[in-house]
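> I'd like to go over a predicted model; first the sequence, then the structure.
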Amino acid sequence: MNLKQMEAFRAVMLTGSVSQAAKQLFRTQPAVSMMISSLEDEIGFQLFERHKKRLYPTPEANYLYKEVEAIFSRIQDVSQTVQDIQNKQYGFLRIGCMPGPSNFFMPDILADFLEDHPKVQASLQTRTSDAVAEWIASNQYDIGLAEMTTHQANIGKNRMFELPCICAVPADHALADENVITPEHLDGEPMITLHPDHMIFHDLMQLFEASGHRMNVRLQTRFYIPALKFVERGLGVSVLDPISAYSYTTYGRPGKVVFRRFAPDVFLRVGVMYPADNPSSMITMEFAELLCDRIDDLINNPEQFLSWGETPSE
């Protein structure tokens, strides 16, 4: 039994006549009759009986029709799936993300993406940057966002971003009146930093030492989300990445923390990672495009958080 025979049999069952089935299939009546006859010869039993110029299906035909209809229903499902894949509306997206962006930044982007792709499913897992890179390399994630080295940036489709850090200051602090904050402003000022094993702490320490100023570390945290809580309480200032600053504007209360440019530049280098040895799905690449656009927007339009929470001047 082949698909054409099943198609002819199904059409006769649905229309009740060979002539109507032929019209539905855009075939000649003799061609449909021949396919039904060859099908009966192949399966070894009669499918239709003719009485007074009408066809009546045998009980065996009714049994067979249920199975054939199930096959055609599955074919229709497959056709719809193909169309959904073509329209980037089908698939499962596995995302690994470093801790900072996984709290607010990445969920907002993923939620926007899923709203536009209602049939897509996704998994978002928070891991350290090293773990994200390892899981990407072992094909356990389709895409990852993590801190990235120059070596990693040169692997496959990976793309690295240099995010210029800014300074978070208590809103009632004297430094809130500055447009740009430098190590000179922060000489001896209580600071909330990441731990010494992080690249930003290392770069800041070098910058302060090179300019002859003292970096007064009062508090150290593993991530910037708790650091911003300490800034809120007036315990110090913090030089941090724009993703953390943007995330704070989505949940923080205006009037407690303001953000100012920091100079000279200190960068957080993050990247969008992909498995090197496996092709990426169209869904993955469309999500990656949205993610990269959002990161670029943070870099190119820092005013969205630099002016956040301020009362417009009259």
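Looks like it came in fine. Residues are numbered from 1 along each chain as shown.
> For the stretch 101-250 of the chain, just list every one of the helices.
Per DSSP state H, counting those that start in this stretch, the stretch 101-250 of the chain has helices spanning 105-116, 129-137, 150-153, 199-211, 224-232, 242-251. These are given in chain order.
> what would the ones you listed look like in JSON lines with mean pLDDT?
Listed next are the helices of the stretch 101-250 of the chain as JSON lines, based on pLDDT from 0 to 100:
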{"stretch": "helix 105-116", "mean pLDDT": "96"}
{"stretch": "helix 129-137", "mean pLDDT": "93"}
{"stretch": "helix 150-153", "mean pLDDT": "88"}
{"stretch": "helix 199-211", "mean pLDDT": "95"}
{"stretch": "helix 224-232", "mean pLDDT": "94"}
{"stretch": "helix 242-251", "mean pLDDT": "94"}
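> Distance to Phe45 and mean neighbour count for these - can I get that in a markdown table?
Using the backbone N, CA and C atoms, a C-beta is placed for each residue, glycine as well. Below are those laid out as a markdown table (distance: least, CB to CB, whole Å; neighbours: other CB atoms under 10 Å):
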| stretch | distance to Phe45 | mean neighbour count |
| --- | --- | --- |
| helix 105-116 | 51 | 16 |
| helix 129-137 | 56 | 20 |
| helix 150-153 | 65 | 12 |
| helix 199-211 | 76 | 15 |
| helix 224-232 | 72 | 20 |
| helix 242-251 | 68 | 21 |
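> Using TSV, please lay out those helices together with distance to Ala8.
Converted to TSV, the helices of the stretch 101-250 of the chain look like this (distance: least, CB to CB, whole Å):
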stretch	distance to Ala8
helix 105-116	42
helix 129-137	51
helix 150-153	58
helix 199-211	69
helix 224-232	65
helix 242-251	60
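> Let me know the distance separating Gly234 from Tyr248.
Using CB to CB, to the nearest Å, one obtains 16 Å as the distance from Gly234 to Tyr248.
> do the same with Gly255
According to CB to CB, Gly255 stands 13 Å off from Tyr248.
> now do Ile166
Ile166 is 11 Å from Tyr248, where distance means CB to CB.
> How about Val132?
Taking CB to CB, one finds Val132 at 22 Å from Tyr248.
> Count the neighbours of Arg74 for me.
Using other CB atoms under 10 Å, Arg74 has 10 neighbouring residues.
> and the helix or strand harbouring it, what other elements does it pack with?
Using DSSP states H and E, Arg74 maps to helix 59-86. Under the contact criterion of 3 or more CB pairs under 8 Å, 6 or more residues apart in numbering; DSSP states H and E, helix 59-86 touches helix 3-15.
> ok, then the element right after the helix it packs on?
That would be, after helix 3-15 and using DSSP H and E, helix 18-25.
> in the helix or strand just after that following helix, what counts as buried?
Where DSSP H and E defines the elements, the next helix or strand beyond helix 18-25 is helix 29-43. Buried residues in helix 29-43, counted by 16 or more other CB atoms under 10 Å: Val32, Ser33, Met35, Ile36, Leu39, Glu40.
> Quick check: mean pLDDT of the following helix or strand past helix 29-43?
Counting by DSSP H and E, the element after helix 29-43 in chain order, helix or strand, is strand 48-51. The average pLDDT for strand 48-51 rounds to 87.
> list the helices and strands strand 48-51 packs on?
Counting contacts by 3+ CB pairs under 8 Å, 6+ apart, strand 48-51 packs against strand 54-57.
> in this structure, what residue sits furthest out from the centroid?
Here the centre of the chain is the reference, and by CA atoms, centre = their mean the most remote residue is Lys52, at 63.3 Å.
> This completes my enquiry, with thanks.
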